[in-house]
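**Q** sequence below, structure please.
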Amino acid sequence: MYPHQKLEWTQEHLEERLAGSPDDTAARAELARVCLSRALYHHGGESLAASALQHAKRVVHDQPENAEGHVICGAAMVALERPDGAQRYLDEALRLDPTRADLHLALGALYRAQKDLHLAIRHLENACRASPESWESHLLLGRTLAERARQVGGTRLIERAQFHMVQALAREPSPDLLPVLMRDLGLLCLQTGRYHDAEKLFVRLRQHPRFSNAARKHLGQVAFGLGKYKGAIQHYRQFLEGVAAHAHGDDAGVLAQIGLAYLHLGELEKAREHCNKALLLEPGLLPARHALGCVLVEEGQVADAIKVFRDTLQDHPGDMISYVELARTRRRAGDVAWLQRALEVEVSGFDQLPPTGGDEAPRTVARRRISVLLEELKVVGPSSVSVILGVVERTEDEGLRFALWETACGLTAGHVADELGGRLREAGRCYSVGLARNALAAAAFIPEPALTAGLHVTMEDIQRAAVERRGNATDLTAHRRAVEAERETARAWQAILLLAIATRRSRSARELFSTWGAGVDAELGVAVLAAQATCGEPEAARALHRRAQERGASVVIDKLLAKVSPPASRGEPQPVGSGDIKCSACGRGTAEGAPLFSGTRAVLCSVCVSELVRDRRESASPESATCHLCGRTAFESRGLWRKAGIDACAHCLEFSVGLREREEVDRFLASW
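**A** Modelled structure (predicted):
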C-alpha cells in the first residue's frame, strides 16, 4: 500500500526530478507518498508528514479530481493531529473513489484518533478486504481491535486483534516495526492465556536493545501466569536492575507483582515488604493494595486487612477485587451480620441510582456488589434465605428481584437436597413414594452418588419395614401381604429414583441403566426403559412404544416421551478435514483450498462465511428461517443471513470465523 524500500534514496531521486520538472504531478504524488510512509512507519515525525501534506496539496491544486492526492492530504493531516482538515480531504476522496484501500486506512486512522473505534474498525476492515496483502491495514486494525477490547472487554475482540497482528507479521512488515509488532502480539497472547507463545515472542524481543528490558518484564508476567513464581521474581528483578541502570527509578507495578509472587510462594514477610515498597512509590496502586490486604489476611491480621480493603474502596468505589476480598474476609471471620447489612443497604439504594450505562455506572457497580454478597451468603448456607427474601421488596427492578429470588430458591433447594441426600443414603429404612417424589423434584441439586445409593433396597429391608411399618401380623398370610405391599412401595421408590437419575442425562447414568436393569423384573424393567428414554436413547423409546402398542396405550406413551425427551442440542459448526465434500452454497470443495464448516443440514466454506459476514445488510433471511448449521431460529439468535438458499445465524458465523482465525494464529505461532 505504501513504499518501504530505499525511501531516503527514492525521496532524493524524486526531489531532483521535481527540481528539473516542477509540473511533474506523478513524481510529486509519489514523493508525497514516500514522505508519508517515512512519517507514519519509519520514525519520520511531523516534518515529513508536513512535507507529504505540502506536496499532496500541490497535486490536488493541479488535479482537483486526483483521489490519491486527497487521500495523502487527509492521512498527513491525521498524522499532524488536524482532524477537521483531514475529514474534508477524505470526504472528497470518498466521493471520487470510494473503493481505495489507502482511503479506508486513512479513515480508520482518523476515527481511531477521534476515539470512534466502532467506525474505525469498519473502515479498517474495508481496507483489509480491498488490499488483503498489505500489512499496514492489518496492523492498524489489530491495534484498534485491541484498544476496543480494553474499552468493552470480550475475548473475541482480543482474538480478532491477534489474528490481524499475525496477518501483519506474516506479510513481512518494515523491520523498523517488527519489534513493536512482536511486543503487541505478545501482550495479546498474555491476555488470551497463550503463555508459551508469548514467551517465544518476548525471548526474541529480549535481543533487541530498545525492547530488551520491557521483554524481561513481560517474561515475568509469562512466568507468573504459568505459576512459575520464582522465575517471575527473577525476571522482574532483572527488569528493575535494567530500569535502575537507565536512571528511570523503580517500577511500582513490578514491585507489586513481586509481592504477589512471594504471596503465592507463602513468603509473607517478603511479600509485605515489596507491597510496601510499591505503595511508597505509588500510594494509590491497586495491585499493591490488593496484595497487601491478602498478605495481612494470611498473617491473621484481619482487622488491618479489612482496613486496607475499605480504604481502597473509598478511593476506588468501583474496584470489585477489593470488594470481593472484603466480603470474603468478613465471611471467613464469621461476620455474617456485615454481609446481611451490606446486602440490605445495596438493594435499598439501588432504585435511587441513576440508570446510566457504562462499565463504571453506579447501578452496574451496585449489581456487581450485590452479586458478590449473594455468592458469600450462599457459602453461609440456608440461614441466609430469610435475609435475602426480606430485601426483595426493597427494589422495583425486576432483574434484581429475580436474582434475589433465584439465590433464595437455590439455597432452599440446596438445603432440602442435603436433607434428602442423607435419607437416600439410608434408603433401607427411609424409602417411600413421597420421599422419592421429593428426590425427583430436587434431583438437580442432589449429588448423583446419593441418588444412586438410594436404589439399594434389599429384601431384608423390605421384610423389616413390613414389621416396623405395618405391625406384627397375626398369621403367615397377613405377613406375606404386608411384605408384598412393602415390596410394591420399594419398586415404586426405585422406579421414581431411576427417573430422578435420568434427569441428569449423564454418561454415568446411562452406564448404570445398562447394567442395573439387567436382572430386574418386567415391571421395573419398564422404569429402566423410561429412564433410558429420558436420557435420549432412541432404542429404549422404541421398546417402550412397542410395549404400549401391545396394551393400546401408545398415545399416552407418545405424550410422555414428548415431555421427557431431552431438548435438541445446539451443535457448533465443525471443520471438515478431508473427503469429497462441497460447500452447500457455492460448490467449492476441499480441492479448492477453502476451509469448510459442517453443520446439521449444510456445509459452508470460509469464502461464503466471509461474504455473509461482510454483506449482512443485503442478505438478511426471512423471519421463518432457521440456521442450516445449528438449527437456531431468528428469535434464538442475533440475526440470520442467507446465501444461495443456505441460512446461517450470527452465532455460527462468528464461531466459524473465530475457529478459522484461531487455527491460522496457531499455525503461524507454531512455525514462527
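**Q** who are the neighbours in contact with the closest residue to Asp311 other than its chain neighbours?
**A** In space, and not counting its chain neighbours, Asp311 is closest to Arg289: 7.9 Å by Cβ to Cβ, 6 or more residues apart in numbering. Yep, even glycine has a C-beta here, placed from its N, CA and C like the rest. Counting by Cβ atoms under 8 Å, 6 or more residues apart in numbering, Arg289 touches 275, 279, 308-309, 311-312, 322.
**Q** same question for Ala417.
**A** Contacts for Ala417 (Cβ under 8 Å, 6+ apart) come out as 442, 445-446.
**Q** could you check how far it is from Ala127?
**A** As judged by Cβ to Cβ, to the nearest Å, Ala417 and Ala127 stand 57 Å apart.
**Q** now do stretch 351-371: distance from first to last residue.
**A** Terminal residues of stretch 351-371 are spaced 16 Å apart (Cα to Cα, to the nearest Å).
**Q** could I get the buried residue list for it?
**A** Buried positions in stretch 351-371, judged by neighbour count with 16 or more other Cβ atoms under 10 Å: 353, 362-363, 365-370.
**Q** now swap in stretch 330-346 and tell me
**A** For stretch 330-346, burial by neighbour count (16+ other Cβ under 10 Å) applies to 330-331, 336, 338-340, 342-343, 346.
**Q** helices of the stretch 401-550 of the chain, start to end?
**A** In the stretch 401-550 of the chain, the helices defined using DSSP state H, counting those that start in this stretch lie at 427-430, 433-441, 448-453, 459-470, 476-502, 507-516, 522-534, 538-550.
**Q** got the ones you listed as a markdown table, with distance to Phe655, mean neighbour count and mean pLDDT columns?
**A** Formatted as a markdown table, the helices of the stretch 401-550 of the chain follow (distance: least, Cβ to Cβ, whole Å; neighbours: other Cβ atoms under 10 Å; pLDDT from 0 to 100):
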| stretch | distance to Phe655 | mean neighbour count | mean pLDDT |
| --- | --- | --- | --- |
| helix 427-430 | 45 | 17 | 90 |
| helix 433-441 | 36 | 17 | 90 |
| helix 448-453 | 31 | 17 | 90 |
| helix 459-470 | 52 | 16 | 89 |
| helix 476-502 | 31 | 19 | 90 |
| helix 507-516 | 25 | 15 | 85 |
| helix 522-534 | 29 | 20 | 85 |
| helix 538-550 | 28 | 15 | 85 |
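**Q** which one of those lies nearest to Val297?
**A** The closest of those to Val297 is helix 448-453. By Cβ to Cβ, the value is 34.3 Å.
**Q** packing partners for that closest one?
**A** helix 398-424, helix 476-502, helix 507-516 (3 or more Cβ pairs under 8 Å, 6 or more residues apart in numbering; DSSP states H and E).
**Q** now tell me what touches stretch 210-224 from outside.
**A** Applying Cβ under 8 Å, 6+ apart, the external contacts of stretch 210-224 come out as 179, 182-183, 186-187, 190, 195, 198-199, 202-203, 205-206, 208, 229, 231-236, 238-239, 242-243, 246, 251, 254, 257, 260-261.
**Q** before we move on, what about stretch 380-387?
**A** 331, 336, 339-340, 343-344, 377-378, 408, 411-412, 414-415.
**Q** go on, stretch 166-176?
**A** 4, 41-43, 128, 133-136, 138-139, 142, 178, 181-182, 185, 664-665, 668-669, 672.
**Q** buried members of those into PyMOL, please.
**A** Below is the selection syntax for PyMOL that covers the buried ones among the contacts of stretch 166-176, with 16+ other Cβ under 10 Å defining burial:
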select buried, resi 4+41+42+128+134+135+136+138+139+142+178+181+182+185+664+665+668+669
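**Q** so which of the contacts of stretch 166-176 sit within helices?
**A** 41, 128, 135-136, 138-139, 142, 178, 181-182, 185, 664-665, 668-669 (DSSP state H).
**Q** would you map the strands across this structure?
**A** 574-575, 596-598, 603-605, 640-643, 646-649 (DSSP state E).
**Q** quick one: those strands as a markdown table, columns for mean neighbour count too.
**A** What follows is these, written out as a markdown table (neighbours: other Cβ atoms under 10 Å):
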| stretch | mean neighbour count |
| --- | --- |
| strand 574-575 | 14 |
| strand 596-598 | 23 |
| strand 603-605 | 26 |
| strand 640-643 | 21 |
| strand 646-649 | 26 |
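**Q** who wins for proximity to Asp558 among the ones you listed?
**A** Of all those, strand 646-649 sits nearest to Asp558, with 30.4 Å by Cβ to Cβ.
**Q** show me what that closest one is packed up against.
**A** Counting contacts by 3+ Cβ pairs under 8 Å, 6+ apart, strand 646-649 is packed against helix 606-614, strand 640-643.
**Q** so for that strand, mean pLDDT?
**A** Here strand 646-649 scores 91 as its mean pLDDT.
**Q** from here on, call the first residue 50.
**A** Sure, I'll start counting at 50 from here, so that last one is strand 695-698.
**Q** ok, that strand: who's next to it in the sheet?
**A** Next to strand 695-698 in the sheet, as set by DSSP bridges, lie strand 689-692 (antiparallel).
**Q** dihedrals phi and psi, Ala674?
**A** Dihedral pair for Ala674: phi -70, psi 160, per degrees, to the nearest 10.
**Q** who's the closest spatial neighbour of it, skipping the chain neighbours?
**A** Asp696 (4.4 Å).
**Q** please apply the same query to Ala142.
**A** Closest residue to Ala142 apart from its sequence neighbours, by Cβ to Cβ, 6+ apart: His119 at 3.8 Å.
**Q** what is the burial count for that neighbour?
**A** For His119, the neighbour count with other Cβ atoms under 10 Å is 28.
**Q** quickly note the distance from it to Gln163.
**A** For His119, the distance to Gln163 - Cβ to Cβ - is 19 Å.
**Q** now swap in Thr74 and tell me
**A** From Thr74 over to Gln163 the distance is 31 Å, taken as Cβ to Cβ.
**Q** so, low pLDDT: which residues of the stretch 150-299 of the chain?
**A** Applying pLDDT under 70 to the stretch 150-299 of the chain flags the ranges 293-299.
**Q** all helices for the stretch 200-349 of the chain, in order.
**A** Using DSSP H, counting those that start in this stretch, helices in the stretch 200-349 of the chain cover 204-219, 227-240, 244-254, 261-274, 278-294, 301-314, 317-330, 335-347.
**Q** out of those, which is closest to His700?
**A** Nearest to His700 among these is helix 204-219 (11.5 Å), distances taken as Cβ to Cβ.
**Q** quick one: that closest one to chain centroid distance?
**A** In terms of Cα atoms, centre = their mean, to the nearest Å, the centre of helix 204-219 is found 16 Å from the chain centre.
**Q** same question for stretch 328-339.
**A** Taking mean C-alpha positions (Cα atoms, centre = their mean), stretch 328-339 and its chain are 29 Å apart.
**Q** what's the answer for stretch 321-334, then?
**A** For stretch 321-334, the distance to the chain centre is 32 Å (Cα atoms, centre = their mean).
**Q** outside of it, which residues touch it?
**A** Residues outside stretch 321-334 that contact it (Cβ under 8 Å, 6+ apart) are 298-299, 301-302, 304-305, 307-308, 311, 336-338, 340-341, 344-345, 348, 364-365.
**Q** rewinding a little: can you add pLDDT and distance to Ser223 and give the buried residues of stretch 400-420 back as a markdown table?
**A** Conversion of the buried residues of stretch 400-420 to a markdown table gives the following (pLDDT from 0 to 100; distance: Cβ to Cβ, whole Å):
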| residue | pLDDT | distance to Ser223 |
| --- | --- | --- |
| Leu402 | 89 | 50 |
| Pro411 | 87 | 47 |
| Arg412 | 89 | 47 |
| Val414 | 91 | 44 |
| Ala415 | 93 | 49 |
| Arg416 | 93 | 47 |
| Arg417 | 93 | 44 |
| Arg418 | 95 | 48 |
| Ile419 | 95 | 51 |
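**Q** tell me which of the residues you listed is nearest to Gln60?
**A** The closest of the buried residues of stretch 400-420, once distances to Gln60 are taken by Cβ to Cβ, is Val414, at 54.2 Å.
**Q** so what's the closest one closest to, chain neighbours aside?
**A** Leaving aside its sequence neighbours, Val414 sits nearest to Gly367 (Cβ to Cβ, 6+ apart; 4.8 Å).
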